[in-house]
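Colleague: Take this sequence and fold it.
(one chain, ligands or ions: 1)
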Amino acid sequence: MGMLTGKTALVFGVANKYSLAWGIAQALASEGAEVGFSYAIERLERRVRPLAESVGSRFVERCDVTSDEEIAQVFARAAETYEKIDILVHAIAYAEREDLEGLYLDTSRAGFQTAMDISVYSLVALARAARPLMSNGGSVVTLTYYAAEKVVPKYNVMAIAKAALEASVRYLAAELGPEGIRVNAISAGPIKTLSSAAFAGLRDMLRYVGERAPLRRNITQEEVSKTALYLLSDLSSGVTGETIYVDSGYHILGMPEPPEKTT
Ligand code: NAD
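Modeller: Residues are numbered from 1 along each chain as shown. Predicted coordinates:
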């Protein structure tokens with residue numbers, strides 16, 4: 001018997017084996033949860049389906065979160081397949097590449113709307129759609145980043161989206177708490193994935209953080225998954241509205257020390 005035997009999870013945001021969502025899905029499945037998957041666009045199905053099948057999943061559905069119809073459809077399918085769900089994982093973010101370089105000041109209205117819609121509103125829309133299926137309570141986790149709080153070069157509009165995402169976590173937690181539904185965020189340190197690799201500053205960020213974070217290293221997909229398991233299981237039954245950092249302790253630093261010289 002695993003810690004999540006008898007529980008059902010819906011995981012949004014697997015693009016490939018490097019996705020933080022995939023690490024979380026594996027952790028959930030290893031504790032006995034039945035895991036359903038949703039992917040963004042047709043092209044990703046051939047990557048997501050074999051991963052889903054490797055953890056025995058019978059639910060792999062497309063859902064572009066910019067579409068209310070697709071969200072309604074995927075939850076209707078989940079209701080047919082599972083009747084209830086206990087866990088919702090939101091690991092989705094997107095901004096146009098041109099909005100992740102240059103100045104935040106130059107963000108276009110359309111770029112701002114796209115980043116907020118896909119990276120923030122989608123959590124609200126998915127949580128609302130999941131609510132009727134969480135009649136026995138539930139746990140929702142999303143993924144955020146420290147640039148929501150402090151300026152990180154080039155993070156630009158995505159930082160503003162993450163600030164709104166973290167505020168959404170608190171509002172959703174307050175509104176859904178009376179129904180026994182908890183909502184939390186994991187603030188992950190930088191880690192190479194499909195979407196982060198598109199971010200021009202990633203290499204420098206990994207070096208900078210890895211050299212200066214209290215643990216003097218970057219984090220792993222598995223470390224994010226283990227904290228997700230805590231937040232998505234009964235181990236965190238008294239915790240909601242929280243942002244938990246999995247970042248080798250980087251966020252506690254006021255003035256990071258330069259790396260030790262090796263010569
Ligand atoms: P990833 O590219 O594997 O995952 C991002 C997912 O968002 C993809 O599966 C993509 O298909 C999905 N997505 C984008 N637009 C979508 C749409 N319209 N509809 C449905 N899905 C859509 O990268 P990841 O790093 O695993 O990202 C997962 C989450 O973790 C994101 O919220 C990201 O901001 C966050 N995060 C990542 C890092 C990092 O360094 N990798 C650090 C902190 C937080």
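Colleague: which bits of the stretch 51-200 of the chain sit near the ligand?
Modeller: 64-66, 91-94, 118, 143-145, 188, 190-191, 193-196 (Cβ under 6 Å from any ligand atom). Glycine gets a C-beta too; all of them are placed from N, C-alpha and C.
Colleague: Mind giving me the PyMOL command for buried ones among these?
Modeller: In PyMOL syntax, the buried subset of those is picked out as below (16 or more other Cβ atoms under 10 Å):
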select buried, resi 64+65+91+92+93+94+118+143+144+145+188+190+191+193+195+196
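Colleague: And Ala110, how far from Lys192?
Modeller: 28 Å (Cβ to Cβ, to the nearest Å).
Colleague: who's more crowded, the two?
Modeller: Lys192 (13 against 10; other Cβ atoms under 10 Å).
Colleague: where do the helices sit along the stretch 101-250 of the chain?
Modeller: 109-116, 122-130, 156-176, 194-197, 202-212, 221-232 (DSSP state H, counting those that start in this stretch).
Colleague: Off-centre distance for the fifth one?
Modeller: Think helix 202-212. Relative to the centre of its chain, helix 202-212 is centred 21 Å away, using Cα atoms, centre = their mean, to the nearest Å.
Colleague: Number of residues surrounding the closest residue to Val65 other than its chain neighbours?
Modeller: Closest residue to Val65 apart from its sequence neighbours, by Cβ to Cβ, 6 or more residues apart in numbering: Ser122 at 3.8 Å. Close neighbours of Ser122, defined as other Cβ under 10 Å, add up to 24.
Colleague: ditto for Arg97
Modeller: 10.
Colleague: got it, and the one 4 residues further on?
Modeller: By the other Cβ under 10 Å criterion, the neighbourhood of Glu101 contains 12 residues.
Colleague: Tell me the bridge partners for Thr144.
Modeller: Note on Thr144: beta-bridge partners by DSSP bridges are Ser187.
Colleague: Any figure for the gap between it and Ala163?
Modeller: Where Ala163 is concerned, Thr144 sits at a distance of 9 Å (Cβ to Cβ).
Colleague: Distance check, the spatially closest residue to Ala163 that is not a sequence neighbour against Thr243.
Modeller: Among residues not flanking Ala163 along the chain, Ala148 sits closest, at 4.2 Å (Cβ to Cβ, 6+ apart). Noted for Ala148: a distance of 8 Å to Thr243, by Cβ to Cβ.
Colleague: tell me, what's touching these two both at once?
Modeller: Counting by Cβ atoms under 8 Å, 6 or more residues apart in numbering, the contacts common to Ala148 and Thr243 are Glu166, Ser187.
Colleague: This completes my enquiry, with thanks.
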